[in-house]
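J.: here is my input, please return the structure:
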Amino acid sequence: MIRQCNSADLKEIYTIINTAALAYKGVIPADCWKEPYMSEEELRDEIAQGVVFWGYEEAGRLSGVMGIQPVMDVTLFRHAYIRPDRQLCRE
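T.: Next up is the predicted model:
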């Protein structure tokens, strides 16, 4: 089921973002990489700036999240992360 995330999902969103981002460690330029990839403060700031997270839930657990943000007359896809154990294409 796809649903809008809420404040109760914040910790799970944070976990999904940071575990999924690890797949890009070494791909993302070193001067842009940090751990955690997105801090809880940055996540809260994104939400405060208007990013709305939607999640795909399986068996009561979020498997992935997407953050979208309406800006003027467009909607930006700002974030898209899938739990590594739910990703189908892994090397």
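
J.: in this structure, which helix is the longest?
T.: When secondary structure is assigned using DSSP state H, the longest helix within the chain turns out to be helix 10-21.

J.: quick one: buried residues of it?
T.: For helix 10-21, the buried set under the neighbour-count rule, 16 or more other Cβ atoms under 10 Å, comprises 12, 13, 14, 16, 17, 18, 19, 20, 21. All C-beta spots, glycine's among them, are computed from the backbone N, C-alpha and C.

J.: avg pLDDT for that helix?
T.: Averaged across helix 10-21, pLDDT comes to 97.

J.: using CSV, list the CA coordinates for it.
T.: Once non-C-alpha atoms are left out, helix 10-21 reads as follows in CSV (Å, rounded to 0.1, in the frame of the first residue of the first chain):
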residue,chain,number,x,y,z
LEU,A,10,10.2,9.7,11.0
LYS,A,11,12.6,7.2,12.5
GLU,A,12,11.8,4.6,9.9
ILE,A,13,12.2,7.2,7.1
TYR,A,14,15.6,8.1,8.5
THR,A,15,16.7,4.5,8.7
ILE,A,16,15.5,3.8,5.1
ILE,A,17,17.3,6.8,3.7
ASN,A,18,20.6,6.1,5.4
THR,A,19,20.7,2.4,4.8
ALA,A,20,19.7,2.8,1.1
ALA,A,21,22.3,5.6,0.6
